[in-house]
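In: Provide a 3D model corresponding to the input given below.
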Amino acid sequence: MLILQRKASESLVINGNVTITIQEITADRVKIAIDAPREISIVRSELLEAASTNQEATKSNLSDVSNLLSKLQKK
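Out: Okay, the predicted model is just below:
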């Protein structure tokens, strides 16, 4: 991991085609601007974590489905 210090309005360039600019710095937040080609996906990490959690929650194994079906048939 590379750790850099930047001041407001300073930028860094990644791979020659992605520019990250510090827009504003407050006590507990940093506002950044990202300029990248459309084919590069930019997603907040908490959204990726939520998507992963949701995918795990939707996975069911066959025994769970069989147990549910048998319970429903008994009613």
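In: following whichever strand in the chain runs longest, which helix or strand comes up?
Out: Under DSSP state E, the strand in the chain containing the largest number of residues is strand 18-25. Sequence-wise, the next helix or strand downstream of strand 18-25 (DSSP states H and E) is strand 30-35.
In: Return the set of buried residues in the longest strand of the chain.
Out: Ile20, Thr21, Ile22 (16 or more other CB atoms under 10 Å). For every residue, glycine as well, the C-beta is placed using N, CA and C.
In: Direction included, what does that strand pair up with?
Out: Partners of strand 18-25 in the sheet, by DSSP bridges, are strand 11-14 (antiparallel), strand 30-35 (antiparallel).
In: Could you export the helix or strand that comes right after the last one as PDB, CA atoms only?
Out: It stands for strand 30-35. Next in sequence after strand 30-35, counting helices and strands by DSSP H and E, comes helix 45-58. Extracted in PDB, the C-alpha atoms of helix 45-58 (Å, rounded to 0.1, in the frame of the first residue of the first chain):
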ATOM      1  CA  SER A  45     -15.600  -0.200  -0.700                       C
ATOM      2  CA  GLU A  46     -18.600  -0.300   1.600                       C
ATOM      3  CA  LEU A  47     -20.900  -1.000  -1.400                       C
ATOM      4  CA  LEU A  48     -18.700  -3.900  -2.500                       C
ATOM      5  CA  GLU A  49     -18.800  -5.300   1.000                       C
ATOM      6  CA  ALA A  50     -22.600  -5.000   1.100                       C
ATOM      7  CA  ALA A  51     -22.900  -6.700  -2.300                       C
ATOM      8  CA  SER A  52     -20.700  -9.500  -1.100                       C
ATOM      9  CA  THR A  53     -22.700  -9.900   2.000                       C
ATOM     10  CA  ASN A  54     -26.000  -9.900   0.000                       C
ATOM     11  CA  GLN A  55     -24.700 -12.600  -2.400                       C
ATOM     12  CA  GLU A  56     -23.600 -14.800   0.500                       C
ATOM     13  CA  ALA A  57     -27.100 -14.300   2.100                       C
ATOM     14  CA  THR A  58     -28.900 -15.400  -1.000                       C
END
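In: Fine by me, we can end here.
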